[in-house]
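> pasting the sequence and the predicted model now:
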2 protein chains.
Amino acid sequence: MSEVLTNSIQDYLKHIYDLSAEGHPASTNDLAARLGVAPASVTGMIQRLANVTPPLVRYQKHQGVTLTPEGERAALEVIRHHRLLETYLVQSLGYSWDEVHSEAEKLEHVISEEFEARIAAALGNPIRDPHGDLIPSADLIMPKDESVLLSSLKRNQEAVICKVQSQNTDLLKHLEGLELVIGARVKTLEVSPYDQVMKLQIHGRKGFAVLGPAITNKVFIEILHKG
Amino acid sequence: MSEVLTNSIQDYLKHIYDLSAEGHPASTNDLAARLGVAPASVTGMIQRLANVTPPLVRYQKHQGVTLTPEGERAALEVIRHHRLLETYLVQSLGYSWDEVHSEAEKLEHVISEEFEARIAAALGNPIRDPHGDLIPSADLIMPKDESVLLSSLKRNQEAVICKVQSQNTDLLKHLEGLELVIGARVKTLEVSPYDQVMKLQIHGRKGFAVLGPAITNKVFIEILHKG
DNA sequence: TAATAAATTTAGTTTAGACTAAATTTATTT
DNA sequence: AAATAAATTTAGTCTAAACTAAATTTATTA
């Protein structure tokens, strides 16, 4: 019956997507917190989304909410918009990684498929955004995440930094200082067996960096298979 | 009291701006037609806009509506967004002039001042959009329009095409074929006194074009003062 | 297991911004 | 100037999406 995906609905679907990504349904309260809205408002909305045809979510009272395939498609569309936009703002308009979120948050709801296609092409169809998050493909498949924690890298293995899971400005500044940024190539020189401290060589930089687990458990990498 | 300029309000202000640009206040019916909304809805909205502090419009029953200085600022902000966006879409993302309007229509309401500044800079602070319309400056002054009709160009005068006032695809295609596009330099070789037919030399093109008043009264130019 | 706390839902309001139908005002003709 | 037409306004309704307060359900703890 209904056909329109309002901004608000798109936001709900987006947050349900990543709250339920961990396996269990998204709870009313968590959703409310993410959306900055009262829990009662969430209940109202998810009931509507469950009763639309086709339903966008599966919902049982007190049991939380998950996306139907239709809901997931819609969510992935918004997520693709968001992450492509963040990438475009950084690459083509010179934004820094910490300025892009709120801009993309607004633009994601209004750009056309044409616009999406043009910026994707201009960027060479990237697979990760500036934060390292995966970008769903044009046909709305979320790529499989091959990344692992830096802390799991063994001696002599090489890898590429692909994500830093943290909003902590100090940490991010510290990593920037070390040139340990997304895209950087690294190789493990040594791992201390007791405290997990790693000695890391950063490609194109002399000497090495020493990182404790407080850092290596926040940084994700893709291991380079020697070919 | 109110502080938020919703999308809808921005659209009203924008259309009031250019409907009242001709001198007389914008009428309820004309506004309704432009906005694709019932006349009664317009009355409701402009009453609200007149009673907000500070008022955005001046309104007297049955007399139409004009912008206050505050309303005009808000309108120029939206118009600047729109025209910069159209320009950016054409210059930087390869849109054609006839595809940009609806995209800009949606984006104009959501971009930040940061975004506006960045695209303006990337474009070299342009003064006209791809349709030839003037772009308000960053401090929201609408530049004075120095353009005149091509039909007013005298023999031997040179000018630059700056606007074609028409949505007619045939005409626009015809002009494109002649390379008579925005930015083109032209010189009048001859004007026929009875039927106003002009013989025009187009810079960088051999031979000349012959244009009747049906065309020369749609094309605007800026005359080049020999310096 | 009863009592308390936390999470969720229901019920009823509110606001923006549209709508229709009816009433009123201004403009145009005869 | 009266009659008709066109434009505008009033009044009341509707929907999306939020809200608060109260009620209910589930989870936790003594």
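Alright, I've got the coordinates.
> so where do the helices sit in chain A?
All helices of chain A, identified by DSSP state H, fall at A:7-19, A:28-35, A:39-51, A:69-93, A:100-107, A:113-123, A:169-177, A:213-216.
> how close does the nearest residue to A:Glu72 once chain neighbours are set aside sit to DNA strand C?
Nearest residue to A:Glu72, sequence neighbours excluded (Cβ to Cβ, 6 or more residues apart in numbering or on different chains): A:Tyr17, at 6.7 Å. All C-beta spots, glycine's among them, are computed from the backbone N, C-alpha and C. In this view, A:Tyr17 and DNA strand C are 17 Å apart by Cβ to the nearest atom of the strand, to the nearest Å.
> surely A:Tyr17 meets A:Arg73?
No: contact between A:Tyr17 and A:Arg73 fails when scored by Cβ atoms under 8 Å: they sit 10.5 Å apart.
> neighbour count winner among these two?
Under the criterion of other Cβ atoms under 10 Å in any protein chain shown, the comparison of A:Tyr17 against A:Arg73 puts A:Tyr17 first, with 20 against 15.
> okay, that one: pLDDT?
A:Tyr17 carries a pLDDT value of 98.
> ok, it - contacts?
A:67, A:72, A:75-76, A:79 (Cβ atoms under 8 Å, 6 or more residues apart in numbering or on different chains).
> got the phi and psi for the residue of chain A found nearest DNA strand D?
Going by Cβ to the nearest atom of the strand, DNA strand D is nearest to A:Thr6 of chain A, at 2.7 Å. With angles defined as degrees, to the nearest 10, A:Thr6 sits at phi -70, psi 170.
> including distance to B:Asp139, could the helices of chain A go into CSV?
Shown next, in CSV, are the helices of chain A (distance: least, Cβ to Cβ, whole Å):
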stretch, distance to B:Asp139
helix A:7-19, 31
helix A:28-35, 37
helix A:39-51, 40
helix A:69-93, 22
helix A:100-107, 22
helix A:113-123, 29
helix A:169-177, 33
helix A:213-216, 46
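> which one of the ones you listed lies closest to B:Lys206?
helix A:113-123 (35.7 Å; Cβ to Cβ).
> show me what from chain A comes close to DNA strand C.
A:27-30, A:39-40, A:42-44, A:46-47, A:59, A:61-64 (Cβ under 7 Å from any atom of the strand).
> which of those residues lies closest to chain B?
A:Gly44 (21.9 Å; Cβ to the nearest Cβ).
> what distance do you get for that closest one to B:Ala121?
Per Cβ to Cβ, to the nearest Å, A:Gly44 is found 44 Å from B:Ala121.
> so what pLDDT did A:Gly227 get?
So A:Gly227 comes in at 46 (pLDDT).
> mean confidence (pLDDT) on stretch A:65-75, please.
98.
> burial count for the closest residue in space to A:Ala50 that isn't next to it in sequence?
Spatial nearest neighbour of A:Ala50, excluding adjacent residues (Cβ to Cβ, 6+ apart): A:Tyr59 at 4.1 Å. Residues lying near A:Tyr59 (other Cβ under 10 Å) number 22.
> excluding chain neighbours, what is closest to A:Ala159?
That would be A:Ile221: by Cβ to Cβ, 6+ apart, it lies 3.9 Å from A:Ala159.
> shaky segments in chain A?
A:1-2, A:226-227 (pLDDT under 70).
> do you know how far the residue nearest in space to the middle of it is from B:Thr169?
Central residue of chain A (Cα atoms, centre = their mean): A:Asp133, 3.2 Å from the mean position. Counting by Cβ to Cβ, the gap from A:Asp133 to B:Thr169 is 43 Å.
> write out the residues of chain A neighbouring DNA strand D.
A:2, A:6-9, A:35-38, A:40-41, A:44-45, A:48, A:61-62.
> now with 6 Å, please.
A:6, A:8-9, A:37-38, A:40-41, A:44-45, A:62 (Cβ under 6 Å from any atom of the strand).
> distance of the residue nearest to the centre of chain A relative to A:Glu77?
15 Å.
> swap in A:Leu175?
Counting by Cβ to Cβ, the gap from A:Leu175 to A:Glu77 is 32 Å.
> so what's the nearest residue to A:Arg34 once chain neighbours are set aside up against?
Using Cβ to Cβ, 6+ apart and skipping residues adjacent in sequence, the residue nearest A:Arg34 is A:His15, 4.5 Å away. Neighbouring residues of A:His15 by Cβ under 8 Å, 6+ apart: A:26, A:31, A:34-35.
> JSON lines for these, including neighbour count?
Formatted as JSON lines, the contacts of A:His15 follow (neighbours: other Cβ atoms under 10 Å in any protein chain shown):
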{"residue": "A:Ala26", "neighbour count": "25"}
{"residue": "A:Leu31", "neighbour count": "24"}
{"residue": "A:Arg34", "neighbour count": "17"}
{"residue": "A:Leu35", "neighbour count": "17"}
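> tell me which of the residues you listed is nearest to chain B?
The closest of the contacts of A:His15, once distances to chain B are taken by Cβ to the nearest Cβ, is A:Leu35, at 18.2 Å.
> pretty sure that closest one contacts A:Val42?
Yes: here A:Leu35 reaches A:Val42: they are 6.9 Å apart, a contact under Cβ under 8 Å.
> what sits in contact with each of those two?
A:Tyr12.
> and for A:Gly223, the neighbour number?
No, residue A:223 isn't Gly; it's Ile. A:Ile223 has 15 nearby residues by other Cβ under 10 Å.
> name the surrounding residues that touch stretch A:126-144.
With contacts defined as Cβ under 8 Å, 6+ apart, stretch A:126-144 is touched by A:73, A:76-77, A:79-80, A:82-84, A:86-87, A:90, A:97, A:100, A:116-117, A:120, A:125, A:145, A:147, A:161-165, A:182, A:220.
> span of that stretch from start to end?
14 Å (Cα to Cα, to the nearest Å).
> over to stretch A:151-158?
Stretch A:151-158: ends 13 Å apart by Cα to Cα.
> contacts for that stretch?
In contact with stretch A:151-158 (Cβ under 8 Å, 6+ apart) are residues A:159, A:185-191, A:196, A:198, A:213, A:216-217, A:221, A:223-224, A:226.
> ok, now with 7 Å
Contacts with stretch A:151-158, where a contact means Cβ atoms under 7 Å, 6 or more residues apart in numbering or on different chains, come from A:159, A:185-188, A:190-191, A:196, A:213, A:216-217, A:221, A:223-224.
> what comes up buried for it?
For stretch A:151-158, the neighbour count (16 or more other Cβ atoms under 10 Å in any protein chain shown) marks A:151, A:153, A:158 as buried.
> likewise for stretch A:69-89?
Buried-residue list, stretch A:69-89, by 16+ other Cβ under 10 Å: A:71-72, A:74-89.
> just how off-centre is it within its chain?
Stretch A:69-89 sits 10 Å away from the centroid of its parent chain (Cα atoms, centre = their mean, to the nearest Å).
> contacting residues around it?
With Cβ under 7 Å, 6+ apart as the contact definition, stretch A:69-89 has outside contacts at A:5, A:10, A:13-14, A:16-17, A:54, A:56-57, A:67, A:95, A:100-101, A:103-104, A:107-108, A:111, A:116, A:119-120, A:123, A:126, A:129-130, A:133, A:135-136, A:140, A:142.
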